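Trainee: Just the structure for this:
(one chain, ligands or ions: 1)
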Amino acid sequence: MNTPVVSPSVSRRQFLGQISAAGAVAFAPRSLFGADAQKKLGVAIVGLGGYATGQLRPAMKLTKNCRLAGVVTGSREKGMKWAQEFGFPETSVYGYDTMAQMAGNPDIDIVYVVTPNGLHAQHVIAAAKAGKHVITEKPMANTVADCDAMIAACKTAGVKLSVGYRLHFDPFHEELRRLVRTQEFGPFTKMDGGFAFVMGTMQWRAQKQLAGGGPLMDLGVYVLQETLMATGEVPPVAISAMELPKKRPEFFVDVEETIKWTMEFANGARCEGYTSYNDNRNDFRAEASGGWYQVGPAYSYSGLKAATSLGPVAATPLKSQQALQIDDFALCVRDGLNSRVPGEMGRRDMVMVEAVYASAAAGGKRIEVRV
Ligand code: NAD
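Mentor: Numbers count the residues shown, from 1 in each chain. I've put the predicted structure just below:
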């Protein structure tokens, strides 16, 4: 795995155009025109695990543009409880093998895939085939090839695809994007970020087939995301990476426990990234000639703190990053706008993830990145 990571299907210019065109009118699904224009869209959550229950469930009680209208679960009993709580019919409780039947359910406009990473592709494709717009959780999939298949399926079905990148809706991170837009400090050229926690219990996150990898897939992707916020969504030209020796090899059999990487950008900027399932970090810092920005805790659901060289960032914390993120997608669907966190962005991040793994596998070789 020491060859350059090359995109066969989307040129860098096409991709950057798609990202920067966020907000432009793309298409308007016919069923959402006219009298229905202001209706709350129906969302069905696929996979009622920790994130769906702990974060998306309360978020769906705060959304203004959409409401929970169904679930897909392996436990019909659990699904019935959600139906009761949110007031949708039992007929809107589906199993993973009956997702195709959602095609006949006009109450469901959007499907939110919250299953283990390695299952995102099959669930997104099933939702698209049922004619539903889709949000998939991060990381978008296990591989760039899977991302391509997901994007193609949504394109064929004429539905939108978005990734659950909630931090794009958080005000502390918005300050970083504002600094990039205004160039108040000039371009950020020296960046450093890490996200790590100590994984205590054995679960799918430590199994390559379901997780795609170790902490890079789960946590490191946030650092990659944040770095590209700091570059104005300009991807790196090259990545080199090193896996660190495992302290608990019995736990992390076929995935990394800790990995660090260096990203190089065309303008000379660099970022040092770090992620681990056996450490504690939750930070990002970006320096420019005219000032700096830093955030930490950086990637949490709440309690974020950010500062710049001018002082603390005064932002009102959100009640729920997720509510804003889901509402924004509902608006994109309803009004025919492009999501600011589209499938192409999730795919871009997987190109970087594959470059990190390719470099680490080749002993730290510099891998050129072509998104
Ligand atoms: P989880 O293990 O708590 O839940 C996973 C759900 O998928 C469970 O309901 C489980 O029953 C279901 N599932 C279906 N088929 C399965 C299979 N073959 N093996 C295992 N589970 C299966 O995981 P989670 O923490 O809810 O994570 C789900 C997704 O959400 C992941 O992609 C994760 O990266 C993402 N996530 C995102 C955030 C965020 O902040 N955006 C936070 C946590 C998790």
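Trainee: Looks like A286 contacts A298 (just checking).
Mentor: No - counting by Cβ atoms under 8 Å, A298 is not a contact partner of A286; they are 11.2 Å apart. All C-beta atoms are positioned from the backbone trio N, CA, C, and that covers glycine.
Trainee: who has more neighbours, these two?
Mentor: A286 (28 against 25; other Cβ atoms under 10 Å).
Trainee: Which strand residues bridge that one?
Mentor: In this entry, A286 is beta-bridged to M191, Y293, by DSSP bridges.
Trainee: Might you report the residue contacts of it?
Mentor: By Cβ atoms under 8 Å, 6 or more residues apart in numbering, the residues touching A286 are 176, 188, 190-191, 230, 292-294.
Trainee: and whichever residue of the stretch 1-150 of the chain sits closest to the ligand, what does it touch?
Mentor: The nearest approach of the stretch 1-150 of the chain to the ligand comes at G49, 1.7 Å away (Cβ to the nearest ligand atom). Contact analysis of G49 by Cβ under 8 Å, 6+ apart lists 114-115.
Trainee: Would you mind measuring from it to M350?
Mentor: Using Cβ to Cβ, to the nearest Å, one obtains 22 Å as the distance from G49 to M350.
Trainee: The ligand versus the nearest residue to Y165 once chain neighbours are set aside, what's the distance?
Mentor: Once flanking residues are discounted, Y165 sits nearest to V341: 4.1 Å by Cβ to Cβ, 6 or more residues apart in numbering. According to Cβ to the nearest ligand atom, to the nearest Å, V341 and the ligand sit 11 Å apart.
Trainee: Then F265?
Mentor: 26 Å.
Trainee: How confident was the prediction at that residue?
Mentor: F265 is assigned a pLDDT of 98 by the prediction.
Trainee: count of neighbours near the closest residue to the ligand within the stretch 151-300 of the chain?
Mentor: With Cβ to the nearest ligand atom, the shortest gap between the stretch 151-300 of the chain and the ligand falls at G164, namely 4.6 Å. As a burial measure, G164 scores 24 neighbours (other Cβ under 10 Å).
Trainee: my read: it touches T136, true?
Mentor: Yes - using Cβ under 8 Å, G164 is in contact with T136, at 6.8 Å.
Trainee: Going along the chain, name the helices of the stretch 251-371 of the chain.
Mentor: 321-335, 343-361 (DSSP state H, counting those that start in this stretch).
Trainee: The longest one near the ligand anywhere?
Mentor: Think helix 343-361. No - Helix 343-361 stays clear of the ligand (Cβ under 6 Å from any ligand atom), getting no nearer than 11.1 Å.
Trainee: so what secondary structure elements neighbour that helix?
Mentor: Applying 3 or more Cβ pairs under 8 Å, 6 or more residues apart in numbering; DSSP states H and E, one finds that helix 343-361 makes contact with helix 12-20, helix 144-157, strand 161-163, helix 221-230, strand 238-243, strand 258-264, strand 367-368.
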